[in-house]
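S.K.: missing the sequence, but the structure's below:
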């Protein structure tokens, strides 16, 4: 039985060629589902994948003399709509990201938060999450059935595809910052427990994600996105020439900080005080002293 879909979980390393399965998917898939988030828009290679599929859709439009491209790019918002719109590249603002009768909570919170609060039928947003899933599934199936998107005979080499997220190439972008002062990279270390680690330690654990670290939501009442999304926005407001990097908390964190410092990088540690009471995090902290 053929696979019903392909998920690019690993991305593409700089200078690499298209992954074989990814190449096949880009040439044959009927619907493209980008997961909108600030970090997604910063990925050159995600922009390249987007470009390949969008070109297929536009070629189909011309071949059929259609007035508008077929709605086969169906974005999903990982974070709240307001956070996404502030980071949305001009090049893709014409693409509709609202399809079907999606619940208001999806637009307000983003799918990431709905997933976290949909563990069982007594959970907050359980009904809203499954309402979104059902509507989105129908949207995918209906779009694929209605529009017969031809397969792409051949795929351009990776380095020949320009990302839709930036009008200039990486080389041109790098040249533009030559001679400028200030840090190029800001590293963030998030000290925040996983939700299952925090259960029983706090009365309310809705702030914590299943992955821990940047999956945490430090300002849930005023900012609906994750700690990572907030950090990215902070870095971009600080300087468009600076770049966000996340460092995973581990016992070797001291050496990583020293290396970052030697490279002229800013290192920011964001800690949840409740997490600092957990033994495994205390042990990491002790090894860092």
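M.R.: Sure thing, it's come through. Remember, it's a predicted structure, so these values are computed and weren't measured experimentally.

S.K.: Residue 245 contacts residue 214, correct?
M.R.: No. Taking contacts as Cβ atoms under 8 Å, residue 245 lies outside contact range of residue 214: 11.3 Å. Every C-beta, even on glycine, is put in place using the N, C-alpha and C of the backbone.

S.K.: list the contacts for the nearest residue to residue 261 once chain neighbours are set aside?
M.R.: Using Cβ to Cβ, 6 or more residues apart in numbering and skipping the chain neighbours, the partner closest in space to residue 261 is residue 267 (6.7 Å). By Cβ atoms under 8 Å, 6 or more residues apart in numbering, the contact set of residue 267 is 186, 187, 189, 247, 257, 260, 261.

S.K.: now for the strand or helix carrying the first one, which elements pack on it?
M.R.: Using DSSP states H and E, the element containing residue 186 is strand 185-191. Secondary structure elements in contact with strand 185-191, counted by 3 or more Cβ pairs under 8 Å, 6 or more residues apart in numbering; DSSP states H and E, are helix 227-238, strand 243-247, helix 253-262, strand 266-271.

S.K.: Out of the ones you listed, which gets nearest to residue 283?
M.R.: Evaluated over the helices and strands packed on strand 185-191, closeness to residue 283 peaks at helix 253-262, with 11.9 Å, by Cβ to Cβ.

S.K.: What residues sit buried inside that closest one?
M.R.: 253, 256, 257, 260 (16 or more other Cβ atoms under 10 Å).

S.K.: one step back: which residues are in contact with each of residue 245 and residue 214?
M.R.: With Cβ under 8 Å, 6+ apart as the test, residue 245 and residue 214 both reach residue 188.

S.K.: for the stretch 101-250 of the chain, what spans make up the helices?
M.R.: Under the criterion DSSP state H, counting those that start in this stretch, the stretch 101-250 of the chain contains helices at 104-109, 111-116, 126-146, 170-176, 195-198, 227-238.

S.K.: weakest of those helices in terms of mean pLDDT?
M.R.: Lowest mean pLDDT within the helices of the stretch 101-250 of the chain: helix 170-176, at a mean of 38.

S.K.: Distance of residue 135 relative to residue 99?
M.R.: 8 Å (Cβ to Cβ, to the nearest Å).
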